[in-house]
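**Q** Just the structure for this:
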Amino acid sequence: MVLGLLWVFIIAFLIQYFFWIVVFGRFAFASQPLPLSCVELNFTKGVSVIVAAHNEYKHLPALLACLLEQDYPNYEIIIVNDRSTDRSLHYLQQAVAEHEKLKVVHIYAQKTDFHPKKYALQCGIEAAQYEYLLFTDADCRPQSSQWIYSMVQPFNHSNIKIILGYSPYFSEKKVVNLVVQYETFYTALQYFAFAHIGKAYMGVGRNLAYRKSYFLSQNGFAKDAKITGGDDDLLVGRIANSQNTAYVHAPESLVYSYAPTTIRAWITQKKRHLSAGKRYRSRHLISLAFLQGSMLLSYGSLFAVYYYPIIAALFALRLMLLWFLTYKAKQKLPVAFHIGYVPCLDFIYFCYLIIVGLLALFSRKIKWNNKIVEDSLTKPSKTSSS
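**A** Got it, this is the predicted structure:
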């Protein structure tokens, strides 16, 4: 039995090696995209940029400034004001009168059996006049005036329906920020790497694009309308395939966001994300279970290192692969942590999987933008557009 346990640990390490070398390695060593200035930009069809906002007055002016300076010939900006009680309504009423590209949709009450965030996005999509939709959040900041150009170029290919982007966080001199940076990088590495091999399973709503007609043809959010979260990952996992999904990580395509400033806020955010993960498609859950389960077992094996010194060598090899491939992947996915912190951050990530995973598994009430939301919503809806 003891020998059998050793083989369980060895198999766990082999699975880890497989993911880091075969899956993540293929993405990390893929050729870098050319700078946008060297690429022929021939996709200029109309794009609708959609933002759902609840009590985001403090972020809206800066976001709108970034969106209005986009160097793209044909686009509109749709801000969905979702029942805001701050100064958002007054600000947006003034802004829509001053900027021709801006359209505002106001939501005054929740819709029955529809999660607020998804309903806000649904209203924005229905209001969009263009086929090509690009999404971000109110607290995000595109880092280039070429953001729209960069993100939509894969739509040149008629088979591409979905485009995944990268959205790191602004750097702050806080320990929690370091942890958030690593988790965000590692999550992005996973979904980019799987997309690279034709197995896309998620994206992030802070930087995501898809075709309106395809979204509607796949019944949009209908299947997961009541679920908290999942407007990005569950949607992508359900409608993406090896032929219709592309990804962009060029520097011009990056969208930065403000990270949670406390452990409590970060855990609340991750509970929301991981609670949606329980509803991933079976094949995606199996792949992720092997990836994360093998990581947990590799750390668990350290308790047996006294009896089996070979475990120390296997774990050291895992850390070497982790360090080297993180170094390579950071060249594609810029993130604000020093490569020397990787072993420590990896251990913190191991703890995160256990703690936040269990909290997400057993939590019924999940917060979205400081609102506690349950699966069943009963208030009637009311919308208007400006």
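**Q** Quick one: mean pLDDT for stretch 138-151?
**A** Per-residue pLDDT over stretch 138-151 has a mean of 96.
**Q** how far does it stretch from start to finish?
**A** 18 Å (Cα to Cα, to the nearest Å).
**Q** tell me which residues in it are buried?
**A** For stretch 138-151, burial by neighbour count (16 or more other Cβ atoms under 10 Å) applies to 138-144, 146-151. Every residue, glycine included, has its C-beta placed from N, CA and C.
**Q** now stretch 273-287
**A** Buried residues in stretch 273-287 (16+ other Cβ under 10 Å): His273, Leu274, Ser275, Ala276, Gly277, Arg279, Tyr280, His284, Ser287.
**Q** again with stretch 60-79
**A** For stretch 60-79, by 16+ other Cβ under 10 Å, it's Leu60, Leu63, Leu64, Cys66, Leu67, Gln70, Tyr72, Tyr75, Glu76, Ile77, Ile78, Ile79.
**Q** same question, stretch 21-30
**A** Result for stretch 21-30 [16+ other Cβ under 10 Å]: buried residues Val23, Phe24, Gly25, Phe27, Ala28.
**Q** and which of those is nearest to Asp232?
**A** Phe27 (19.5 Å; Cβ to Cβ).
**Q** Phi first, then psi, for the closest one.
**A** phi -70, psi -50 (degrees, to the nearest 10).
**Q** just the strands in the stretch 151-300 of the chain please.
**A** Taking DSSP state E, counting those that start in this stretch as the criterion, the stretch 151-300 of the chain carries its strands at 162-164, 208-211, 245-247, 255-257.
**Q** Show me what the last one is packed against.
**A** Spelled out, it's strand 255-257. The contact analysis (3 or more Cβ pairs under 8 Å, 6 or more residues apart in numbering; DSSP states H and E) places strand 255-257 against strand 140-142.
**Q** Paired strands for the strand it packs on, with orientation please.
**A** Sheet pairing for strand 140-142, assigned by DSSP bridges, gives strand 255-257 (antiparallel).
**Q** centre of the chain versus the partner strand, how much separation?
**A** 11 Å (Cα atoms, centre = their mean, to the nearest Å).
**Q** again, but for stretch 348-360
**A** Using Cα atoms, centre = their mean, the offset of stretch 348-360 from its chain centre is 18 Å.
**Q** Now do it, average pLDDT.
**A** For stretch 348-360, the per-residue pLDDT averages 85.
**Q** Buried residues of that stretch, list them for me.
**A** Tyr349, Phe350, Tyr352, Leu353, Val356, Gly357, Ala360.
**Q** and which of these is nearest Glu126?
**A** Ala360 (30.8 Å).
**Q** which residue sits closest to Gly124, ignoring its sequence neighbours?
**A** Ile50 (4.0 Å; Cβ to Cβ, 6 or more residues apart in numbering).
**Q** Phe350 now?
**A** Phe350 sits nearest to Tyr299 (Cβ to Cβ, 6+ apart), 5.1 Å away.
**Q** Val248 contacts Met151, correct?
**A** Yes: using Cβ atoms under 8 Å, Val248 makes contact with Met151 at a distance of 5.6 Å.
**Q** Please name the residues that touch the closest residue to Phe114 other than its chain neighbours.
**A** Nearest non-adjacent residue to Phe114, counting by Cβ to Cβ, 6+ apart: Ala225, 5.0 Å away. Going by Cβ atoms under 8 Å, 6 or more residues apart in numbering, Ala225 touches Asp113, Phe114, His115, Lys118, Tyr119.
**Q** Need the max-distance pair from the residues you listed.
**A** Asp113 and Lys118 (10.8 Å).
**Q** where exactly do the helices run in the protein?
**A** Applying DSSP state H to the chain gives helices spanning 2-18, 24-28, 60-68, 88-98, 116-127, 147-152, 175-196, 212-217, 233-239, 263-277, 282-300, 310-330, 342-362.
**Q** which other helices and strands contact the longest one?
**A** Under the contact definition 3+ Cβ pairs under 8 Å, 6+ apart, helix 175-196 sits against helix 24-28, strand 162-164, strand 245-247, helix 263-277, helix 282-300, helix 310-330, helix 342-362.
**Q** what's the angle between the fifth one and helix 342-362?
**A** Computed by axes from the mean of the first three to the mean of the last three Cα atoms, to 10 degrees, the angle separating helix 282-300 from helix 342-362 equals 130 degrees.
**Q** when you give positions from now on, start the count at 11
**A** Fine by me, first position is 11 from now on; the one you just mentioned is helix 292-310.
**Q** Which residues lie in contact with Pro164 in this structure?
**A** Pro164 touches Ile170, Ile173, Ala256, Val258, counting by Cβ under 8 Å, 6+ apart.
**Q** My read is that Arg119 contacts Tyr129, right?
**A** To be clear, residue 119 is Ala; Arg isn't right here. No: applying Cβ under 8 Å, one finds Ala119 not in contact with Tyr129, separated by 10.1 Å.
**Q** ok, these two, which is more surrounded?
**A** Tyr129 (24 against 12; other Cβ atoms under 10 Å).
**Q** so what pLDDT did the residue nearest to the more buried one when sequence neighbours are not counted get?
**A** In space, and not counting its chain neighbours, Tyr129 is closest to Lys121: 4.8 Å by Cβ to Cβ, 6+ apart. For Lys121, the pLDDT comes out at 83.
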